[in-house]
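Asker: Please find the sequence and the predicted model below.
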Amino acid sequence: MKRLLNSATQLILVFVLGVSLSGCVTTHVPTATTSPWQAMDLDTQANPLDVAFTDSRHGYLVGSNRMIRETNDGGAHWSERSLDLPDEENFRLISIDFNGDEGWIAGQPGLLMHSDDGGQNWTRLFLDTKLPGEPYLITALSSHSAELATNVGAVYETHNDGSSWEAKVTDAAGAVRDLRRSNDGSYVSVSGLGNFYATWQPGDSVWQVHQRVSSQRLQSIGFQPDGNLWMVARGAQIRLNDEPGDFDSWSKAIIPITNGYGYMDLAWDDDGAIWAGGGNGTLLVSKDGGDSWENDPVGDRQPSNFTRMVFDGEHAFVLGERGNLLRWVGNAV
């Protein structure tokens with residue numbers, strides 16, 4: 001009899017706890033009636049990883065399995081391209097950037113390519129075998145100049161089309177799972193295990209290490225439009241850096257939705273709305289600084305994980321897996 005009473009008491013406690021917790025977290029958000037996104041199927045199993053344009057209409061999309069696509073209409077249509085690379089190597093094209101007609105592609109394993117004619121022809125640059133880490137992020141700076149960051153946080157700069165490179169950091173950050181660059185040349189990275197993050201600013205000789213603000217491991221981190229940081233942690237937690245210049249000051253955790261899928265990227269559109277992309281078609285938007293959120297109806301219908309969002313002023317894309325791509329069209333879809 002005592003055992004039955006104990007079981008009943010435990011059930012009541014579980015029920016009460018469940019009801020009380022249900023008021024603390026959001027299990028769903030309302031779905032917006034319209035969407036600024038157009039879904040595109042690239043008819044490939046490759047994963048789009050980056051996109052860059054030479055002008056308002058002409059650009060390239062790169063990804064895994066050597067994928068490279070070209071557009072001449074702002075991304076409304078994409079045609080297949082190929083690079084002159086050894087057939088036996090399955091390159092992962094991770095990063096692409098242009099400054100006018102001068103372009104750069106960084107990939108793995110050990111791939112760096114340069115173009116001076118808008119991507120019509122590409123020259124492979126052979127990197128020093130002593131280069132720490134693998135190419136991860138390439139930034140076109142000016143004529144003949146670029147900056148290359150690797151997946152261990154090494155940063156190099158060239159001013160002669162990649163013939164030689166000068167190290168800008170004396171000590172790398174260590175293996176990273178995410179690395180971003182701001183417009184002023186600063187970097188932020190998440191460690192390979194997600195247990196800390198690091199920042200580097202032009203003129204620093206080494207990376208500055210920062211401890212995460214909760215027990216949840218970090219997924220990704222980047223720069224807000226005003227130069228402050230944002231971070232996404234496991235458990236679908238979003239935090240915003242709320243003190244300019246203080247990279248250790250963070251807001252309380254923002255948890256828009258607990259659907260079992262985490263977020264992988266965060267971005268701001270030109271109107272200041274925050275977009276969060278993640279697993280299983282998770283695409284949310286907040287138009288009030290993160291206080292309230294809506295589910296995007298186009299993103300929600302896509303059978304894909306959204307791994308990255310690119311907003312460059314003239315274009316915006318959400319990059320998914322297995323050839324899934326969302327293109328910003330602005331008008332309701």
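Answerer: All right, it came through fine.
Asker: so who does Thr139 touch?
Answerer: The contact partners of Thr139, taken as C-beta atoms under 8 Å, 6 or more residues apart in numbering, are Asp97, Trp104, Ala146, Glu147, Leu148, Ala149, Arg181. From N, CA and C alone the C-beta is placed, and that goes for glycine too.
Asker: Now do stretch 326-333, average pLDDT.
Answerer: Averaged across stretch 326-333, the pLDDT comes to 81.
Asker: How about residues contacting that stretch?
Answerer: The contact list for stretch 326-333, computed with C-beta under 8 Å, 6+ apart, reads 33-40, 75-76, 269, 283, 298-299, 302, 306, 311, 315-318, 320.
Asker: now the residues you listed: which count as buried?
Answerer: For those, a burial check counting by 16 or more other C-beta atoms under 10 Å picks out 35-40, 75, 269, 283, 298-299, 302, 306, 311, 315-318, 320.
Asker: mind listing which of the contacts of stretch 326-333 are in strands?
Answerer: Within the contacts of stretch 326-333, residues falling in strands by DSSP state E are Trp37, Gln38, Ala39, Met40, Leu283, Phe311, Ala316, Phe317, Val318.
Asker: Let me know the closest of these to Asn121.
Answerer: Phe317 (24.8 Å; C-beta to C-beta).
Asker: need the contact list for that closest one.
Answerer: Taking C-beta under 8 Å, 6+ apart as the criterion, Phe317 is in contact with Pro48, Val51, Leu61, Gly75, Met309, Val310, Leu325, Leu326, Arg327, Trp328.
Asker: Adding secondary structure and distance to Pro132, write the residues you listed out as TSV.
Answerer: What follows is those, written out as TSV (DSSP: H, G, I helix; E, B strand; the rest coil; distance: C-beta to C-beta, whole Å):
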residue	secondary structure	distance to Pro132
Pro48	strand	27
Val51	strand	27
Leu61	strand	28
Gly75	coil	35
Met309	strand	29
Val310	strand	27
Leu325	strand	32
Leu326	strand	35
Arg327	strand	36
Trp328	strand	36
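Asker: So among these, which ones count as buried?
Answerer: Using 16+ other C-beta under 10 Å, the buried members of the contacts of Phe317 are Pro48, Val51, Leu61, Gly75, Met309, Val310, Leu325, Leu326, Arg327, Trp328.
Asker: Contact partners for Gly313?
Answerer: Applying C-beta under 8 Å, 6+ apart, we find Gly313 in contact with Asp270.
Asker: Can you tell me how far it is from Glu89?
Answerer: Separation of Gly313 from Glu89 (C-beta to C-beta, to the nearest Å): 35 Å.
Asker: follow-up on the earlier one: list just the nearest of the ones in strands among the contacts of stretch 326-333 to Ala233.
Answerer: In terms of C-beta to C-beta, no member of the ones in strands among the contacts of stretch 326-333 lies closer to Ala233 than Leu283, at 18.6 Å.
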